[in-house]
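>>> Compute the structure for the input listed below.
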Amino acid sequence: MMKEQPAIRGVQWLLANQNLDGGWGGCKGCPSSIEETSLAVEVLLDTGDDAEPAVNNGLAWLVQKVEAGGLYEPTPIGFYFAKLWYFEKLYR
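Residues are numbered from 1 along each chain as shown. Prediction:
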């Protein structure tokens, strides 16, 4: 289980901002995406049993979305592009 305060706050935010459909988007109420839901589930898997309902709901949403063909509808997430902007060696 994560014990550092920033990690605890991050997990609390994830748990509080899960959409009613079981997935996560950029914020609560934003459309859920495979990318953001996958990242949230990955983090919550390391937090222990308290997050199990959220993980199960997130996994159910992912399975439903992938089986419906959603895997081929990518949704970019902001921090990926920010990372490229600042750290891409070939940027110049």
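
>>> any idea of the mean pLDDT in stretch 23-38?
The pLDDT scores in stretch 23-38 average 91.

>>> Now that stretch: buried residues?
Applying a neighbour-count criterion of 16 or more other C-beta atoms under 10 Å, one finds 23-25, 32-34, 36-37 buried in stretch 23-38. C-beta: built from backbone N, CA, C; applies to glycine.

>>> Tell me the one of these nearest residue 69?
Set against residue 69, the nearest of the buried residues of stretch 23-38 by C-beta to C-beta is residue 34 (11.1 Å).

>>> Adding distance to residue 16, write the buried residues of stretch 23-38 out as TSV.
Output for these, formatted as TSV (distance: C-beta to C-beta, whole Å):
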residue	distance to residue 16
23	14
24	11
25	14
32	15
33	18
34	21
36	15
37	15
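
>>> where exactly do the strands run in this structure?
Remark: no strands are assigned in the chain by DSSP state E.

>>> Show the end-to-end separation of stretch 9-29, please.
Using C-alpha to C-alpha, to the nearest Å, the end-to-end distance of stretch 9-29 comes to 20 Å.

>>> show me the contacts for residue 70.
residue 34 (C-beta atoms under 8 Å, 6 or more residues apart in numbering).

>>> and the gap between residue 20 and residue 28?
Counting by C-beta to C-beta, to the nearest Å, the gap between residue 20 and residue 28 amounts to 9 Å.

>>> Touching stretch 5-14 from outside, list them.
Contacts of stretch 5-14 (C-beta under 8 Å, 6+ apart): 2, 24, 40, 43-44, 47, 51, 54.

>>> That one: which residues count as buried?
Neighbour-count burial for stretch 5-14 [16+ other C-beta under 10 Å]: 11, 14.

>>> If anything else comes up later, I'll come back, but that's it for now.
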